[in-house]
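Asker: turn this into a model:
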Amino acid sequence: MIDWTAIKNLFCNIPSEPLLFHSGFFLFIFSIFLIGYSLVVKTKTARNIYIIIFSFYFYYMTSGFFLGLLVLTISLDYFFSYLISKQNNKLIRKLLLVFAILFSLSFLFYFKYRNFFIANYNYIAETNYSLIELILPIGISFYTFQSISFLVDTYKKKITIPSYSEYLMYMSFFPHLIAGPIVRAADFLPLAARNIRFSRENINEALFLISKGLIKKVIIGDFIAQYADIVFSQASGFSGTEHTFATLCYTFQIFFDFSGYTDMAIGLALLLGFRLNVNFISPYKATNITDFWRRWHVSLSSWLRDYIYIPLGGNGKGLPLQMIFLILTMLIGGFWHGADWKFVFWGGAHGLLLVFHKLYSRFLKFNANKILSSLLRPVFWAITFSCVALLWIPFRALSMNDALVFYKSIFSDFSFKMVRLICENNPLLIIIFTIGFILVLLPSSWKNYIRRIYDASHFIFKFIFLAIIIQLFIQLRTEDVHPFIYFDF
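Answerer: Purely as a prediction, here's the structure:
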């Protein structure tokens, strides 16, 4: 008997159950997709159209009829880019660019920031305009920024206008569509135009990245998230020691969750013959805040640098303006993450830290003394890690008031006796937390050695390794499959 209900569910969006890379349903659908992909991969046009269709299906299963908004937005941006590329008058080109950027941002502002501005206007003007309960389309922040980069690069003549199908594939390519990395057209379009060749090395790398991403997300990130979620959901009900440990748990959760997603995205793209850029470079090894932002969410930090910081004036307008540009850029980066003052605070605080590091680098110059620099390196790492971890508090807290409760508690109510109690009452959590801590600080040479062992192993070992990961996932997971953190942004 054919189960028509099950077949129907293959094409029905369920808002509470978005299609996720680490779900069994996605692995099943992707396996079917790969079979069809093997039949069309040698024909560029058929391959691109096939990927577009699956990407649209993937986004529909994730966001439902917001697929229409995605297609409308990117199609009109393509139209504006085409007009810009054909126009020689500088003023008209600039006006078209400004209009196109405002058009792209209008959807982002409506769905993500409308209520924020109305609520703040109500507070300032003592009015009572009603708020509308809006569902945020998944990935709108990412594809809006990517679309803006395409418009700007077209205006600056860094790229030539591709065919509409190649552009659609670039914008909708499902591995990076909903949570990045933000991909530049200059990097991706040449890949879409070339013939795909597979190698054993690339397949091994792809499987390794997918396995690593699953470990990060479902074994480490989701498990330690359980403790962070409990404490952050009721900030005033815990001691300073518990607040400290919850902060550390979230610090590792957001890294393992987001970098795990990125690893899976890059691995899935590589299985299709497309290499996406690395998005995380061991960020918690950073010894200063500038170094941290060169390592964390690289595609976003480089986007902010190239499309906001440098156009504002960058380093070329003198030190005072450079400091202002840094803070403005990070304020925008914070506001991009969410329509709440806590994200503005988070971005502004990072901006101030970047300013402090620029001043320190220019006037103190400890790095000139190699011996002193080596001795102080662990201290610089501890300071950087502590600052980053403490600033994740407003990022995760339900409100700035809750964040202030955390800060007050951490600095006034920390007890080493409570550390022992937490360890005794949560042994498995401590073990997984410790494994996560070791992994983020693991030397690159050790990681490369593990990778070489994996590459040299027999495919049976790879299969067993993946089976173990899935079994651990089943044993450690809670009832629900957790969405990725950056779906909310």
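
Asker: every contact and neighbour count from this point should use C-alpha atoms.
Answerer: OK.

Asker: how far does the longest helix along the chain sit from the chain's center?
Answerer: Residue-count comparison of every helix in the chain, with assignments taken from DSSP state H, identifies helix 240-271 as the longest. For helix 240-271, the separation from the chain centroid amounts to 10 Å (computed by Cα atoms, centre = their mean, to the nearest Å).

Asker: equivalent analysis for stretch 94-101, please.
Answerer: When C-alpha coordinates are averaged (Cα atoms, centre = their mean), stretch 94-101 and its chain have centres 27 Å apart.

Asker: buried residues in it, which are they?
Answerer: Of the residues in stretch 94-101, those with enough neighbours to count as buried (16 or more other Cα atoms under 10 Å) are 96-97, 100-101.

Asker: hmm, who's touching it?
Answerer: The set of residues external to stretch 94-101 that reach it, using Cα atoms under 8 Å, 6 or more residues apart in numbering, is 77, 80-81, 83-84, 148, 151-152, 155.

Asker: averaged pLDDT, it. What do you get?
Answerer: Taken as a whole, stretch 94-101 has an average pLDDT of 95.

Asker: returning to what we had before: which neighbouring elements make contact with the longest helix of the chain?
Answerer: helix 174-177, helix 200-214, helix 222-233, helix 370-396, helix 400-412, helix 416-425, helix 427-441 (3 or more Cα pairs under 8 Å, 6 or more residues apart in numbering; DSSP states H and E).

Asker: out of the ones you listed, which comes closest to residue 122?
Answerer: helix 400-412 (19.0 Å; Cα to Cα).

Asker: and residue 304, what element?
Answerer: In this structure, residue 304 sits in helix 298-304 according to DSSP states H and E.

Asker: tell me which helix or strand comes right after that helix.
Answerer: helix 310-312.

Asker: in that following helix, what counts as buried?
Answerer: Counting neighbours by 16+ other Cα under 10 Å, one finds that the buried residues in helix 310-312 are 310, 312.

Asker: who's in contact with that helix?
Answerer: Residues external to helix 310-312 that are found in contact with it (Cα under 8 Å, 6+ apart): residue 325.

Asker: measure how the helix or strand following it sits relative to helix 370-396, angle-wise.
Answerer: Elements were assigned by DSSP H and E; along the chain past helix 310-312, the next helix or strand is helix 319-337. In terms of direction (axes from the mean of the first three to the mean of the last three Cα atoms, to 10 degrees), helix 319-337 departs from helix 370-396 by 40 degrees.

Asker: and residue 486, what pLDDT?
Answerer: 59.

Asker: tell me which of the helices and strands packed on helix 240-271 sits most buried.
Answerer: Counting by mean count of other Cα atoms under 10 Å, helix 174-177 has the highest mean neighbour count of those, with a mean of 23.

Asker: how about residue 12, secondary structure?
Answerer: Going by DSSP: H, G, I helix; E, B strand; the rest coil, the secondary structure assigned to residue 12 is coil.

Asker: assign the nearest residue to it once chain neighbours are set aside to helix, strand or coil.
Answerer: In space, residue 12 comes closest to residue 61 once its chain neighbours are excluded; the distance is 6.7 Å by Cα to Cα, 6 or more residues apart in numbering. Under three-state DSSP, the three-state class of residue 61 is helix.

Asker: picking that back up, and the furthest pair within the contacts of stretch 94-101?
Answerer: Between all members of the contacts of stretch 94-101, the farthest pair (by Cα to Cα) comes out as 83 and 148, at 14.8 Å.

Asker: those two: which has the busier surroundings?
Answerer: Set side by side, residue 83 and residue 148 show more neighbours around residue 148, with 21 against 17, by other Cα atoms under 10 Å.

Asker: which residues touch that one?
Answerer: Each residue near residue 148 by Cα under 8 Å, 6+ apart is listed here: 101, 104.

Asker: run the last query once more with 7 Å
Answerer: The contact partners of residue 148, by Cα atoms under 7 Å, 6 or more residues apart in numbering, come to residue 101.

Asker: could you report the separation of it from residue 138?
Answerer: 17 Å (Cα to Cα, to the nearest Å).

Asker: do the same with residue 197
Answerer: Taking Cα to Cα as the measure, residue 197 falls 32 Å from residue 138.

Asker: more neighbours: these two, which one.
Answerer: Taking residue 197 and residue 138 together and counting by other Cα under 10 Å, residue 138 has the greater number of neighbours (22 against 11).

Asker: the more buried one against residue 63, yeah?
Answerer: Yes: shown here, residue 138 and residue 63 form a contact pair, counting by Cα atoms under 7 Å, at 6.1 Å.

Asker: kindly state the pLDDT recorded for residue 62?
Answerer: pLDDT, the model's per-residue confidence, is 88 for residue 62.

Asker: now it, nearest residue through space, not along the chain?
Answerer: Closest residue in space to residue 62, ignoring its immediate chain neighbours: residue 18 at 4.3 Å, by Cα to Cα, 6+ apart.

Asker: tell me which helix or strand the one you found sits in.
Answerer: When elements are assigned from DSSP H and E, residue 18 belongs to no helix and no strand.

Asker: the domain parsing of this protein - what is it?
Answerer: Domain ranges of the chain: 8-196, 201-280+365-488, per automatic domain parsing.

Asker: any chance you could list what contacts the next helix or strand after the longest helix of the chain?
Answerer: Beyond helix 240-271 on the C-terminal side, the first helix or strand identified by DSSP H and E is helix 289-295. Residues outside helix 289-295 that contact it (Cα under 7 Å, 6+ apart) are 280-283, 286, 301, 353-354, 384.
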